[in-house]
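Colleague: Dropping a prediction and its sequence here:
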Amino acid sequence: MSISRRLFIKTASVAALVAGTIGKSSLAAFAQDTDDPLSNYTQQTFTQYLDSIFVVCGRPSVEVTLVKVQDTLPRNVERTRGRESFVLHFRGGREQLAQNTYTMEHAALGTFRIFLVPSGSDENGAKGYAATINRVP
């Protein structure tokens, strides 16, 4: 059976369009995970808890302090509809945790999962970690 070039291109174009639409709706559903408490916490939420203790759950669990909330959204970008970008800086513990997604607990914020990246040690040997939150719709 012979298929014309025109029919092949038309069929392939429709298939690509459908695949692209399905992929976008799946990603949108994934990005709006309402079961994740972290999706409800804003930069202002974390700023309220500067200098408070968070527990990084693991083996062993490590207590870290939120030492800085750094705004990384350019000044000329409009901050509307949840648009924000910031970095959380934590410090604590003597053993360096690997870059990974961890469950974190806080007395007021509860339990949530967050991706932590090691960011070096301070002069006393306490380890540093950073977590970047980007919400740019």
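Modeller: Now that the structure is in, tell me what you want to look at. Residues are numbered from 1 along each chain as shown.

Colleague: Could you give the number of residues near Val136?
Modeller: By other CB atoms under 10 Å, the residues close to Val136 number 9. Where C-beta positions appear, they are placed from N, C-alpha and C, glycine not excepted.

Colleague: how close does it sit to Leu73?
Modeller: Distance, Val136 to Leu73, using CB to CB, to the nearest Å: 8 Å.

Colleague: Next, show the common contact partners of these two.
Modeller: Residues touching both Val136 and Leu73 (CB atoms under 8 Å, 6 or more residues apart in numbering): 83-85.

Colleague: Have a look at this protein and report its longest strand.
Modeller: Taking DSSP state E as the criterion, the chain has its longest strand at strand 110-121.

Colleague: In that strand, which of the residues would be classed as buried?
Modeller: Buried residues in strand 110-121, counting neighbours by 16 or more other CB atoms under 10 Å, are found at 112, 114, 116.

Colleague: Next up, the contacts around the last one.
Modeller: Translated: Leu116. The contact partners of Leu116, taken as CB under 8 Å, 6+ apart, are 56, 90, 97, 99-102, 129-131.

Colleague: Could you rerun that using 7 Å?
Modeller: By CB atoms under 7 Å, 6 or more residues apart in numbering, the contact set of Leu116 is 56, 97, 99-100, 102, 129, 131.

Colleague: How about the first one?
Modeller: By CB under 7 Å, 6+ apart, the residues touching Phe112 are 36-38, 104.

Colleague: how's this structure carved up into domains?
Modeller: 1-32, 37-135 (automatic domain parsing).

Colleague: and the end-to-end length of the last one?
Modeller: Its start and end residues considered, domain 37-135 measures 14 Å (CA to CA, to the nearest Å).

Colleague: just use 33 as the starting number from now, easier for me
Modeller: That works, and once the first residue is 33, the last one we named lands at domain 69-167.

Colleague: still on that earlier bit, which of the domains of the chain sits most buried?
Modeller: Compared across the domains of the chain, domain 69-167 shows the largest average neighbour count, a mean of 14 (mean count of other CB atoms under 10 Å).
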